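S.K.: return a 3D structure for these sequence lines:
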Amino acid sequence: MDIDTLSNNVYVVEQYNHRVSKWIYSDNDFDFKLDAGQITDITINNGGLDYVALDPIVISPPTLDIAIPVTATAEVATVDGSGTITGITILDGGNGYDPSNLPTVIADETNGSGALLTAVVSTPWGTNGNGTSGVPGKPTSDTDNNLQFPTGIARLLENSTLFISDTLNHRVRVMNATDGSFTDSIGSPGTGDGELYRPAHLADNEDDDELAVMDSRNHRVAVFDNKTPFNFIANADTPTPDNFHTPWGAKFNPDNSSFYYSDVIKGKVFRYDDDGVTFDVSFGTPGTDPADPNQLFYPGAANGTAANSNQSFLPDARNNKIKSYGSGNVITEIISGAGTGDGELYWPEHTTGIANGTQPLICVCNTLNNRVEVYDRDDPSTFLTNFGSP
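M.R.: Here you go, the predicted structure:
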């Protein structure tokens with residue numbers, strides 16, 4: 001999961017759906033909606049009759065099951081207490097609208113006749129026409145739409161590029177974040193330099209043009225140039241005294257210019273210099289003792305910082321907890337509670353934060369609950385909402 005902090009767009013990797021989805025966030029009501037086409041304008045073809053001034057109207061949604069109805073206020077020309085609709089102010093643009101299926105008006109007035117409208121609908125994000133990109137399949141080209149169990153995502157802010165680890169196709173996909181189209185691929189199956197075997201999460205250092213890829217089944221981290229032609233740079237130094245087993249999580253923290261790689265089998269976090277290659281120190285230990293926050297069981301990918309910008313969130317997946325760590329390498333527990341209810345965790349694998357807006361948030365990919373949990377970033381014990389469903 002990754003977030004465009006300028007617009008609060010949220011990009012979610014859906015592993016078992018073999019696709020990426022884009023969600024639009026409104027900080028007024030903690031509302032997350034798929035970017036599947038928004039009504040941006042309404043043209044009145046027939047204003048209808050006998051509407052009372054200021055009556056609310058509702059635009060009925062089309063057939064897409066992800067649709068959210070539009071709400072609007074009608075501007076009515078009043079004659080003896082009733083009149084025709086002369087204008088419409090959109091209060092909520094809705095979502096998931098099919099441009100070929102035009103909406104109709106439902107009036108909150110028994111004498112009101114229906115108005116005929118034409119809706120102007122924005123283009124849905126992605127290659128599937130419903131706010132998602134990607135379909136199950138084997139590679140056919142650098143720009144195909146095929147994904148097999150995508151795992152990680154990283155965003156290059158400078159040119160709106162997304163990197164997606166196409167895990168079972170043993171490559172990294174390059175995506176245009178603006179429209180959701182695939183534009184290129186990085187790596188190919190194999191064990192040689194620049195080749196990948198089940199790449200997992202990724203981290204990007206935009207300042208130094210480096211993309212670190214958790215090459216999980218090659219038991220290493222591969223670093224590439226994040227600009228075309230995406231050349232292989234080097235494999236990260238083997239951490240000491242423990243080598244990699246299955247590196248899985250990745251994060252670049254610009255505040256202290258370090259990459260952090262978590263290993264799900266070793267139960268450790270390894271810190272590297274900003275080149276992504278030079279090993280610095282490791283911390284954490286494998287275990288399940290709830291009284292010891294340093295014990296990790298399948299640590300995932302941290303992406304996004306806590307209220308203290310030097311603290312990063314860390315999902316402790318099989319312990320069903322979210323923890324944090326800072327430049328001092330001290331791990332603390334901030335969210336716990338295994339289960340399937342709202343705000344409860346079942347194998348959380350990835351976190352990211354929304355830093356701007358009226359209330360900063362932390363979003364957690366609650367993998368086996370098939371949804372994203374949303375908490376108050378400054379007080380992570382406060383559950384706010386969730387979005388998505390199986």
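S.K.: just give the nearest non-adjacent residue to residue 294, would you?
M.R.: residue 331 (5.0 Å; C-beta to C-beta, 6 or more residues apart in numbering). For glycine as for every other residue, the C-beta is placed from the backbone atoms N, C-alpha and C.
S.K.: and that neighbour, how far from residue 269?
M.R.: Separation of residue 331 from residue 269 (C-beta to C-beta, to the nearest Å): 8 Å.
S.K.: how about residue 279?
M.R.: 12 Å.
S.K.: who has more neighbours out of the two?
M.R.: residue 269 (24 against 17; other C-beta atoms under 10 Å).
S.K.: correct me if wrong: the more buried one contacts residue 284.
M.R.: Yes: between residue 269 and residue 284 there is a contact at 5.0 Å, judged by C-beta atoms under 8 Å.
S.K.: now for those two: what residues contact both?
M.R.: Common contact partners of residue 269 and residue 284 (C-beta atoms under 8 Å, 6 or more residues apart in numbering): 262, 296, 299.
S.K.: what is the second one paired to in the beta sheet?
M.R.: Spelled out, it's residue 296. For residue 296, the beta-bridge partners are residue 286 (DSSP bridges).
S.K.: wait, doesn't it sit right on residue 284?
M.R.: Yes: using C-beta under 8 Å, residue 296 is in contact with residue 284, at 4.7 Å.
S.K.: domains of the protein?
M.R.: Domain ranges of the chain: 2-35+127-387, 39-121, per automatic domain parsing.
S.K.: which one of the ones you listed is the most hemmed in?
M.R.: domain 2-35+127-387 (a mean of 19; mean count of other C-beta atoms under 10 Å).
S.K.: mind checking the end-to-end distance for it?
M.R.: With C-alpha to C-alpha, to the nearest Å applied, domain 2-35+127-387 spans 15 Å between its terminal residues.
S.K.: and for residue 390, the neighbour number?
M.R.: Residues near residue 390, counting by other C-beta under 10 Å, number 7.
S.K.: just the pLDDT at it, thanks.
M.R.: Predicted confidence (pLDDT) for residue 390: 84.
S.K.: which residues do residue 296 and residue 284 both contact?
M.R.: Counting by C-beta under 8 Å, 6+ apart, the common neighbours of residue 296 and residue 284 are 262, 267-269, 331.
S.K.: from the residues you listed, which is closest to residue 172?
M.R.: Of all the shared contacts of residue 296 and residue 284, residue 262 has the smallest distance to residue 172: 18.4 Å, by C-beta to C-beta.
S.K.: now residue 373: which helix or strand?
M.R.: Using DSSP states H and E, residue 373 sits in strand 371-376.
S.K.: any chance of the domains of the chain in a markdown table, plus mean pLDDT?
M.R.: Below are those laid out as a markdown table (pLDDT from 0 to 100):
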| stretch | mean pLDDT |
| --- | --- |
| domain 2-35+127-387 | 90 |
| domain 39-121 | 69 |
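S.K.: can you show me the strands along the stretch 151-300 of the chain?
M.R.: Under the criterion DSSP state E, counting those that start in this stretch, the stretch 151-300 of the chain carries strands at the ranges 161-166, 171-176, 182-186, 199-205, 210-215, 220-225, 232-235, 247-253, 258-263, 268-273, 279-283, 285-286, 295-296.
S.K.: for residue 72, find the nearest of the ones you listed.
M.R.: Checking these against residue 72 by C-beta to C-beta gives strand 171-176 as the closest, at 31.9 Å.
S.K.: what packs against that closest one?
M.R.: strand 161-166, strand 182-186, strand 199-205 (3 or more C-beta pairs under 8 Å, 6 or more residues apart in numbering; DSSP states H and E).
S.K.: residue 126: which of these is closest?
M.R.: Residue 126 lies closest to strand 182-186 among these, at 10.1 Å (C-beta to C-beta).
S.K.: what comes into contact with the closest one?
M.R.: Residues outside strand 182-186 that contact it (C-beta under 8 Å, 6+ apart) are 127, 133-134, 139, 142-145, 161, 163, 166, 171-176, 211, 213, 224, 228, 230.
S.K.: what touches both of residue 331 and residue 269?
M.R.: 283-284, 296, 314, 325.
S.K.: the helices in this structure, which residues?
M.R.: Assigned helices in the chain: none (criterion: DSSP state H).
S.K.: ok so, going back, between the shared contacts of residue 331 and residue 269, which is nearest residue 258?
M.R.: residue 325 (11.1 Å).
S.K.: I figured the closest one hits residue 269, correct?
M.R.: Yes: if you go by C-beta under 8 Å, residue 325 and residue 269 touch, sitting 6.7 Å apart.
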